[in-house]
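Chemist: sequence plus predicted model, see below.
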Amino acid sequence: MAEFSPRTDTSTDGETEDKALGLYNSSHGLVVSDASDKSRDQKTLRRLAQNREAARKSRLRKKAYVQQLESSRMKLTQLEQELQRARQQGIFISSSGEQSQSMSGNGALAFDVEYGRWVEEHNRRVSELKGAVSNHAGDGELRIIVDGVVAHYEDIFRIKSDAAKADVFHVLSGMWKTPAERCFLWLGGFRSSELLKLLITQLEPLTEQQLLAIGNLQQTSQQAEDALSQGMEALQQSLAETIAGSLGSSNSSGNVANYMGQMAMAMGKLGTLEGFIRQADNLRKQTLQQMHRILTTRQSARALIAINDYSSRLRALSSLWLARPRE
Amino acid sequence: MDRVKNLASKNAAVIFTKSSCCMCHSIKALFYDLGASPSVHEVDHDADMERALRRLGCNPAFPAVFIGGKYIGSAKDVISLHVDGSLKQKLIDARAIWF
């Protein structure tokens, strides 16, 4: 709190104010006021005090404002860095700053959001299934819920198909899944053969016939996966050869035409990636449906619950991993 | 059209491909893995053959898979049939494989 003292006030205002007040007489220096001037002086002094207080408050406000600007600037730098990191990860962020309403043309982000919603709905359905099982629901009721879950699985394959058309590399990257899930990524999703391996251990008792059928299903899905993997390897090889074929001594017009021709071929090859994702998802869908056909309603329920529990564990592992303490 | 049917009936398993088509490579690999030995006809420079295949209803045109002289389908159909067990049965029936 500033002390009011016109004569000992160290601010430069003090003397100037006194001069302005006419307390200085040209010949006698500081004039001591007499009784009739006292009230006027007091009003003036009070006004001076108020002015000083206002000035002080103004300086404090300015300081606070500048501090706010500084911290906003830091936050802005942080956000820019995050944005840069997100861009590098292949997530497309609209630079116009326009958000929520239209995400059209923003393929990767839109898919991530839709996938998140699908997972929520899927978890809700499996919870419902768990409830029905633990309440010893009848086969009829169970079948309705199970059929619902299977049908809902088909939704995600349709959504993925659209997403692959918009941004095939985003789907292939698996960045829309959590880290631990990405460990097991195959052609933009899970391996049906691995899923079936898990289920064989979780689904006992199975009849001889069922064991055989599930075993066959595991083998056929594995064979199909291997076939698709080989096709992808051939694609990689072919793409590498095409790009390498565009290299060579520079400058001749023949080489420019060669370069453009090779690039056009490479573009064509990249275009076939979408087909591979489509076939991989089709394999996943067909395998799920076939499994559903082999098992009884109750077994299907247990299978779907087991798959969901397994995925939840993987997601929990991802959270632990992301939160791990680092040096 | 006749050329296609002719070639398709010459062997138990026949696949029409294009050398640039990597999905064709996948389906070929699957057949080899199953022990079938398909006849593979590359249709890179044969526009007539390609047209004939499309007119037969092959869509997409490649790979075009025939078993026992009958058109089975393209990659998606082959994989679906394999998953539900019918591909193996068709191959056995056409004597492309024995088990």
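Modeler: That came in fine, so what should we check first?

Chemist: which element is the closest residue to residue B:4 other than its chain neighbours on?
Modeler: Leaving aside its sequence neighbours, residue B:4 sits nearest to residue B:52 (Cβ to Cβ, 6 or more residues apart in numbering or on different chains; 4.8 Å). Any C-beta I mention is one placed from the backbone N, CA and C, and that applies to glycine too. Residue B:52 belongs to helix B:47-55 when assigned by DSSP states H and E.

Chemist: quick one on the thing from earlier: the residue nearest to residue B:4: neighbour count?
Modeler: Neighbour count of residue B:52, defined by other Cβ atoms under 10 Å in any protein chain shown: 20.

Chemist: wait, it sits on residue B:6?
Modeler: No. The criterion here is Cβ atoms under 8 Å, and residue B:52 misses it with residue B:6 at 10.7 Å.

Chemist: mind giving me the packing neighbours of the helix or strand encompassing residue B:91?
Modeler: Assigned by DSSP H and E, residue B:91 belongs to helix B:86-93. For helix B:86-93, the packing partners by 3 or more Cβ pairs under 8 Å, 6 or more residues apart in numbering or on different chains; DSSP states H and E come out as helix B:75-83.

Chemist: how about residues contacting the helix it packs on?
Modeler: A:217, A:220-221, A:223-224, A:275, A:278-279, A:282-283, A:286-287, A:290, B:23, B:26-27, B:30, B:60, B:63, B:65, B:72-73, B:87-88, B:90 (Cβ atoms under 8 Å, 6 or more residues apart in numbering or on different chains).

Chemist: which residues of chain B lie near chain A?
Modeler: Neighbours of chain A within chain B, by Cβ under 8 Å from any Cβ of the partner chain: B:20-27, B:29-30, B:33-34, B:75-76, B:79-80, B:82-85, B:88.

Chemist: next, count neighbours for residue A:207.
Modeler: Burial of residue A:207 is recorded as 11 neighbouring residues (other Cβ under 10 Å).

Chemist: for residue A:51, that is, sorry about that
Modeler: Neighbours of residue A:51 (other Cβ under 10 Å): 12.

Chemist: hang on, it in a strand?
Modeler: No. Residue A:51 sits outside any strand when classified using DSSP: H, G, I helix; E, B strand; the rest coil, being helix.

Chemist: against chain A, how distant is the residue nearest to residue B:4?
Modeler: Using Cβ to the nearest Cβ, to the nearest Å, one gets 23 Å for the distance from residue B:52 to chain A.

Chemist: quick one: pLDDT of that residue?
Modeler: For residue B:52, the pLDDT comes out at 92.
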